[in-house]
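Engineer: Any chance you can model this:
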Amino acid sequence: MAVSVADIDNGVPKVEVAAPSDLPEGYVFDAIANGQIFSVTVPAGGVRRGQTFSAPFVPDGGSSSAYAVPMGRWKDDLCDCCAFGCCHPSLWMGWYCPLALLGQVQKRSGLNWLGGRANPGDRSPFKILLGVSIFTLVVKSHVISMLLSYIDTYWAALLFAVEQALGVPLALAMIVFSIYAICKTRQHIRMSSRIQEISCQGREDCCCATFCPFCTVMQMARHTAEYKVYPGQCCSETGLLPYDTKQLQFGETEIV
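Structural biologist: Residues are numbered from 1 along each chain as shown. Have a look, this model is predicted:
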C-alpha cells in the first residue's frame, strides 16, 4: 500500500496512493509519507482495492508522527523476551495471553484479527482475540459446569460431558488458528520491513509460529513499538497509552 511523490500542483506536492481497500467517494483515511501523517480523500466514483490515484500531500501539522520500523532486520532477536525487564507488559501478555498481545500488534500494524490487511470499519483485533482467549479459558476450565453444579447436578454433569467432548477439537482448532494468525502477521511485518528469511527458507514464518509462538509474538511486539520511549500497556488496543500510540511507517511510505 505504497505512497509515492508524483508532482507538485499549485505549490502543493501530489502523491500517488494505492487504495488499501474498496472505498466510496469522499471517504477519508490517513497515510504516511516521510514520517508525516496526512489525510487522503477518495476521489469521485470511489476506488477499488489496489487502485492508485493522486492526492495532495498536506501533513497534519500537529504533533502526530510516525514510528519508523527498522528496515532489513528485526529490532532484536527472537529470544530477547526480557529485553525490557521481567516485569514489562509485553512479556507477561505474551506468556499468559499471547493472542491478546497479537491483537495489539495487529492493531498498530493495520491488520485484522486473521493477519490480513484491515478494512475501514473492521472490529478491533485486540478485542476479538481477547474474547477468543477468554472463551477458550472458560471452556477449558469448566467454569460453567462448576457454577451449574450449585443449581442442578444433572445439567452440570451434562454440560461437563459436552465440554469434555469439545475439549480436544477446540484445542486443535485453537492451535491451528494461532499458527495461522501468527504466521500471517509475522509475514506481513517481515515483508513490510524487508527482512529476509534466515532459516527454513520459504517456511520461516510458519516454523516460528508453530514452534516458538510466544517468543514470536513478543518479538513482533517489540519490533512494532518503541518501548524505550513509550511504556507498554496490558489493556489498551495497541499495547500503548492512547496518546503514545504512533502510526507505523515501514520504509519510506505506508498507508495507515
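Engineer: going forward, measure contacts and count neighbours with C-alpha atoms only.
Structural biologist: Will do.
Engineer: mind listing what Ile198 touches?
Structural biologist: Counting by CA atoms under 8 Å, 6 or more residues apart in numbering, Ile198 makes contact with Glu204.
Engineer: which stretches of the stretch 151-256 of the chain form helices?
Structural biologist: Per DSSP state H, counting those that start in this stretch, the stretch 151-256 of the chain carries helices over the ranges 153-192, 204-211, 213-223.
Engineer: among the ones you listed, where is the model least confident on average?
Structural biologist: Lowest mean pLDDT within these: helix 153-192, a mean of 86.
Engineer: residues contacting the residue nearest the centre of the chain?
Structural biologist: Most central in the chain under CA atoms, centre = their mean is Gln106, positioned 0.4 Å from the mean C-alpha point. By CA under 8 Å, 6+ apart, Gln106 lies in contact with Asn112, Trp113, Gly115, Pro125, Phe126, Thr185.
Engineer: By neighbour count, which of those residues wins?
Structural biologist: Pro125 (28 neighbours; other CA atoms under 10 Å).
Engineer: re the thing from before, export the contacts of Gln106 to TSV and tack on distance to Ala44?
Structural biologist: Below are the contacts of Gln106 laid out as TSV (distance: CA to CA, whole Å):
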residue	distance to Ala44
Asn112	27
Trp113	31
Gly115	30
Pro125	31
Phe126	34
Thr185	33
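Engineer: what helix or strand is the residue nearest to the centre of the chain on?
Structural biologist: Using DSSP states H and E, Gln106 maps to helix 98-109.
Engineer: helices and strands around the helix or strand following that helix, which ones?
Structural biologist: Sequence-wise, the next helix or strand downstream of helix 98-109 (DSSP H and E) is helix 125-141. The contact analysis (3 or more CA pairs under 8 Å, 6 or more residues apart in numbering; DSSP states H and E) places helix 125-141 against helix 98-109, helix 153-192.
Engineer: Report the angle between the first one and helix 125-141.
Structural biologist: Just to be clear, that refers to helix 98-109. Per axes from the mean of the first three to the mean of the last three CA atoms, to 10 degrees, the angle that helix 98-109 makes with helix 125-141 is 170 degrees.
Engineer: Pull helix 98-109 out as PDB, backbone CA atoms only.
Structural biologist: What follows is helix 98-109 as a C-alpha-only set of coordinates in PDB (Å, rounded to 0.1, in the frame of the first residue of the first chain):
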ATOM      1  CA  PRO A  98      -0.400 -14.300  23.600                       C
ATOM      2  CA  LEU A  99      -3.400 -13.900  21.300                       C
ATOM      3  CA  ALA A 100      -4.300 -10.700  23.000                       C
ATOM      4  CA  LEU A 101      -0.800  -9.400  22.500                       C
ATOM      5  CA  LEU A 102      -1.000 -10.500  18.900                       C
ATOM      6  CA  GLY A 103      -4.200  -8.400  18.600                       C
ATOM      7  CA  GLN A 104      -2.300  -5.400  19.900                       C
ATOM      8  CA  VAL A 105       0.400  -5.900  17.300                       C
ATOM      9  CA  GLN A 106      -2.200  -6.300  14.600                       C
ATOM     10  CA  LYS A 107      -4.000  -3.200  15.600                       C
ATOM     11  CA  ARG A 108      -0.900  -1.000  15.400                       C
ATOM     12  CA  SER A 109       0.200  -2.700  12.200                       C
END
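Engineer: Domain ranges for this structure, per the record?
Structural biologist: 3-64, 71-243 (automatic domain parsing).
Engineer: worst average pLDDT in those?
Structural biologist: Minimum mean pLDDT among those: domain 3-64, a mean of 72.
Engineer: before we move on, back to that, next, find the distance separating the residue nearest to the centre of the chain from Gln164.
Structural biologist: 32 Å (CA to CA, to the nearest Å).
Engineer: now Val229
Structural biologist: Counting by CA to CA, the gap from Val229 to Gln164 is 46 Å.
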